[in-house]
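1. next one to model:
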Amino acid sequence: MSTRVVRACFGVWTLIITCVYYAFPGAQLYSWAALGYSAAIAVLVGVWMHRPSRKLPWFLISLAIACFTTGDTWYNLILALGGQPGFPGLADFFYLVFYPLFTAGLLMLVRARNGDGDNRAALLDALVPTVGLGLLAWVYWIAPFTRADHLSTVEKLVSIGYPLGDVLVLAVILRMVTGSGKQLASLSTLGLAMIGLLISDVFYGQSQLNQAWSLGGPVDLGWVVFYSAIGFSALRPSMRSLSEPVERADSGMDSHRLFWLSSAALIAPAVLALEYMQGKEVEIERGGVVDAPVIAGAAAVMFLMVLARVADLARSQRQAGSLERALREASALLFATATERDVFKAVTAIVNRLMPPGQQYHLHLPEPIRVDGPVEREVRLISTAELPEGMRSGGYLRVIYATQPLPGGRVSRIAVGADDDVLRLLLPAFQTLATQISVVLERISLTAEVSKAEGEAWFRTLIQSAADVILIVEPDGTIRYATPSAELLFGVDPTGNPLGGMIADSSQGALREIMSRVRAGVGELDDIELTALHTDGRTVEVECDLRDLREDPTVAGLVMTLRDVTERRGLEKDLTHQAFHDALTGLANRVLFRDRLEQAFCVAERDGATLGVLFVDLDDFKEVNDTLGHAVGDQLLLHVADRIGSIIGTGSTAARMGGDEFAILVEQSNSVDAAERVAAQLVEALAGSVEISDGAGGTHVISARSSVGVATNRDADTATELLRHADLALYLAKGNGKGGWQRYQSDLHTAMMQRLEMRTALHEAIEQEQFVLQFQPIVELIDQKITGVEALVRWQHPVRGLLGPYHFVEAAEESGAIVGIGNWVLREALRQFAQWKRENPETTLRYVSVNVSVRQFRSDDFGAQVRAALEASGARPEWLLLEITESLVLKDADKVLADLKALRAMGVRIAIDDFGTGYSSLSYLRQMPVDVLKLDKSFIDDILHSRQQHALVDAIVTLSHNLDLAVVAEGIEEAGQRAALDAMGCQYGQGYHFAKPLWPGDVPAMASQYEPHPAEHQAV
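-> Next up is the predicted model:
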């Protein structure tokens, strides 16, 4: 049965029951109950027939109608039994329960219909007439009950409940009407039902107030309309849409909505005017307006709501303006794109521009997909559950989902998730944007087609002038087509000739294999290397790509692309040689040597053979470069490379590893003797001098002496370890006096590791300040008064205890840690000496002597270090005596002279330490700004037993006096040595005869043991 027939039957049934109700007053109890319960059943029938997505709201509405009818039935039953219903009674309970049930059902429909979004415009549009009608209800319906003296408080409350319930239901109905621009038939019928209920309730209330209510009057027609309209509304198919989400109504203000809002806003002034006129007629003592506060409040509320509505309109106008500007910018951005990919990039930027400032959103724009069948362009607002598989919403409940057909059976999809209000606001803009995107994509497609047509003509021209040769070859090998560049490659146009006749004999086998593979269905071959023949007899290296297009009707053959790579092959060979060979000597470089070593090591391990590696390093090569120049050094390296090559033979590999270091891979043998023989031959061959030309007409005789380290695979597990062993052996060979060879031994590795550990520990010792100072007194020999001290560094090792310089200075020099240690000694010595001076200004101590290493002195900022140490300690420059070695003075004399003069200019004094043990020269004593000579202990040891040694020391002291230099004798251990030196005129000395090195706390006490001597001596 169709819904139309069901509605017609329900209408006829309602009409019949209504006629029976008025025609037979005695049967009113039954006819009225039938009418009400029929409406409740009609609602349930509508739910069963139309199956709405939300059934609970309709069940509540049906229950509410049933309650209302039950109240009427109970009321009528009491009358039929001859009684008079009490007020309030059980019937009023059922009446009043109707309102919350009915309101709850309507609110659920509103929630399902409009979602969770905050549609403030629709709410305000519903509240303004609700307040107006509520004012009417108060003045003409509720207020009279409150002022009725014959009603009790309970009776007043129950009486007021009816109009309040009607106003509440009316407000919900108005909210449903204003929530969407599209009105449904079922919604209109619901509104009609509520009008009937409201009218009947008003007249019923007035009758109750006047105690003039009677059953079966015209007032009952309003309830008849209510029952029939409710049932009719549920039977309409459109009732299903009342619980479906709808697009939010435009927040704008059309003429109809403006009329009703204006009319509702005028209710308060109209009521005020009527009350005033009625008050004048009856001359009410309070001026004629009884409900002035309520009217004023209602007017104020409506005024504020209208202002809020105007503010919403202004905000909507601003949003529309901003959206319009964003759309203009989006259009400009879209129409500037040139490719499909540019369009999708622009869409991302456009969505960001369309979003309100600070609005969070999620954009998912995956790659286009291929689909079967046509796809329509659409833009709609959907729930997350409706998104296709693979699309993401970013956690939002609703998204704007859009599809855009693309050429080639593809479709692009986009999902934009955000707050529901934002999506509703932007939906029209996205629909406009989709239209613009479609236009732009169509323009890009048309442009591509035009470009394709132009490109075909351009491609034909390009092929005719291309440097690469393109051949179309028949399946039998005949060349059907060749580009003009083929004549340059072959010397003749090969069209019509067999392909095999254009290829050199050396490549015929490769060509046959290639052709057979293509015929077997390989399809494509790339980077094929062939040798072509030119008509002048020369060969040409070519690189070929082949495509099988025999099934393509436009080609119907094999397409070969050939390019001349003769020059490139030659260049690659040259580059390969340069990449694996040393540019100066022509020997293998480090990379090639390592590669051959890895291969040879694996073979030797497999065969159980012995493999030897030699490291060769020229001794004192740096001096050659520094003194004679790099050109002479290069000639020396070439000479050494030639000698190495002549000795090792063809079975071994020689390589230059860098600088003056060479490596030799000795061919396999059954013992280690082969590697040792080669090492001995190399040392002997390079031991002599060689005459080298400097390129400017001069020659130099230079020593090619070298040190060699030998290692074999017998002591190594890997090629890398074998190289490291050879390097260690070379280090040992140099340490043993140079000019020799040394084979790797396991204990050598242990010693080297200990040295490396020492270097690491030294740097940690500097950081952790593990060094301490002792001081050895320097005394005047005539009376043994202490005038100075020499600072001596010691290492307070955390494990080995107190270590003297002998244990770590050499390692510190090699690692460079000596610079940091020397800087610390300088600062600490000055700090300690300044402290002694502050504690006892009358002390006999006049200076502290500090040793300076060559590496420390040659650092660029040594002068700045001295100045900083003086300033930090508060010491005076004349308190500091720097001790340097003779080797420093003799090398780079000009620079050293300048640096020493700079130190002297500060006020710091200079001493030559261990004088006589190095390259002693009298000339530098006269030229260099030196203040003190310190005679080495080796001169003092035999001074009492050797007349020659005594005479030598006497001469040095006399010479020093003539040059105005003070002399300090080191290592005095006997009283006779002190007396002899004093007799020679040596003023100062130090040694165990006077004192061993002292800790800082012991120095002041020892210095105070000597009384000042009246004689004047030259101060150091």
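2. low-confidence stretches in the stretch 751-900 of the chain?
-> By pLDDT under 70, the weakly predicted segments of the stretch 751-900 of the chain are 751-756, 759, 814, 887, 889-893.
3. please enumerate the strands of it.
-> 771-780, 785-797, 801-803, 847-851, 880-885 (DSSP state E, counting those that start in this stretch).
4. now those strands in a markdown table, with distance to residue 716 and mean neighbour count?
-> (C-beta placed from N, C-alpha, C; glycine too.) Formatted as a markdown table, those follow (distance: least, CB to CB, whole Å; neighbours: other CB atoms under 10 Å):
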| stretch | distance to residue 716 | mean neighbour count |
| --- | --- | --- |
| strand 771-780 | 38 | 22 |
| strand 785-797 | 33 | 21 |
| strand 801-803 | 34 | 12 |
| strand 847-851 | 42 | 24 |
| strand 880-885 | 41 | 22 |
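5. let's have these in a markdown table, adding distance to residue 413.
-> As requested, those are exported to a markdown table (distance: least, CB to CB, whole Å):
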| stretch | distance to residue 413 |
| --- | --- |
| strand 771-780 | 73 |
| strand 785-797 | 74 |
| strand 801-803 | 77 |
| strand 847-851 | 81 |
| strand 880-885 | 82 |
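6. closest to residue 1008 out of those?
-> Closest to residue 1008 of the strands of the stretch 751-900 of the chain, according to CB to CB: strand 785-797, at 9.1 Å.
7. what's the angle from that closest one to strand 771-780?
-> Interaxial angle of strand 785-797 relative to strand 771-780 (axes from the mean of the first three to the mean of the last three CA atoms, to 10 degrees): 160 degrees.
8. show me what strand 785-797 is packed up against.
-> Contact here means 3 or more CB pairs under 8 Å, 6 or more residues apart in numbering; DSSP states H and E; on that basis strand 785-797 packs against helix 746-768, strand 771-780, strand 801-803, helix 817-839, strand 847-851, helix 1003-1007.
9. which one of the ones you listed lies nearest to residue 930?
-> Nearest to residue 930 among the helices and strands packed on strand 785-797 is strand 847-851 (13.6 Å), distances taken as CB to CB.
10. tell me the contacts of residue 78?
-> Taking CB atoms under 8 Å, 6 or more residues apart in numbering as the contact definition, residue 78 lies against 84, 85, 89, 91.
11. same thing but at 6 Å, please
-> residue 85 (CB atoms under 6 Å, 6 or more residues apart in numbering).
12. quickly note the distance from it to residue 91.
-> 8 Å (CB to CB, to the nearest Å).
13. for residue 703, same thing?
-> Note on residue 703: its distance to residue 91, by CB to CB, is 132 Å.
14. ok, the two, which is more surrounded?
-> residue 91 (21 against 18; other CB atoms under 10 Å).
15. pretty sure that one sits against residue 72.
-> No: between residue 91 and residue 72 there is no contact under CB atoms under 6 Å: 7.2 Å.
16. let's have the helices and strands packed on strand 785-797 in TSV, adding distance to residue 479.
-> Shown next, in TSV, are the helices and strands packed on strand 785-797 (distance: least, CB to CB, whole Å):
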stretch	distance to residue 479
helix 746-768	68
strand 771-780	86
strand 801-803	87
helix 817-839	76
strand 847-851	88
helix 1003-1007	103
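17. out of the ones you listed, which one sits most buried?
-> strand 847-851 (a mean of 24; mean count of other CB atoms under 10 Å).
18. what does that one contact?
-> 788, 789, 790, 791, 826, 829, 833, 879, 881, 882, 883.
19. direction included, what does that strand pair up with?
-> strand 785-797 (parallel), strand 880-885 (parallel) (DSSP bridges).
20. just send those strands back as TSV, with distance to residue 50 too.
-> Supplementary listing: the strands paired with strand 847-851 in TSV, determined by distance: least, CB to CB, whole Å:
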stretch	distance to residue 50
strand 785-797	97
strand 880-885	108
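21. let me know which of these is the nearest to residue 1003.
-> Once these are compared by CB to CB, strand 785-797 is nearest, at 6.2 Å.
22. could you check the angle that closest one makes with helix 817-839?
-> 130 degrees.
23. and strand 785-797, how far out from the chain middle?
-> Averaged C-alpha coordinates place strand 785-797 at 56 Å from its chain's average position (CA atoms, centre = their mean, to the nearest Å).
24. identify the residues contacting it?
-> For strand 785-797, contacts defined as CB under 6 Å, 6+ apart pick out 770-780, 802-803, 808, 825, 829, 844, 846-850, 997, 1007, 1010, 1020.
25. CA atoms only: put it into PDB for me.
-> Extracted in PDB, the C-alpha atoms of strand 785-797 (Å, rounded to 0.1, in the frame of the first residue of the first chain):
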ATOM      1  CA  LYS A 785     123.200  32.600  48.100                       C
ATOM      2  CA  ILE A 786     120.100  31.500  46.100                       C
ATOM      3  CA  THR A 787     119.300  34.100  43.500                       C
ATOM      4  CA  GLY A 788     117.000  32.200  41.200                       C
ATOM      5  CA  VAL A 789     115.200  28.900  40.600                       C
ATOM      6  CA  GLU A 790     114.600  26.800  37.500                       C
ATOM      7  CA  ALA A 791     111.100  25.400  37.100                       C
ATOM      8  CA  LEU A 792     111.000  21.600  36.400                       C
ATOM      9  CA  VAL A 793     107.800  19.900  35.300                       C
ATOM     10  CA  ARG A 794     106.600  16.600  36.800                       C
ATOM     11  CA  TRP A 795     103.700  14.400  35.900                       C
ATOM     12  CA  GLN A 796     101.500  13.200  38.800                       C
ATOM     13  CA  HIS A 797     100.300  10.200  36.900                       C
END
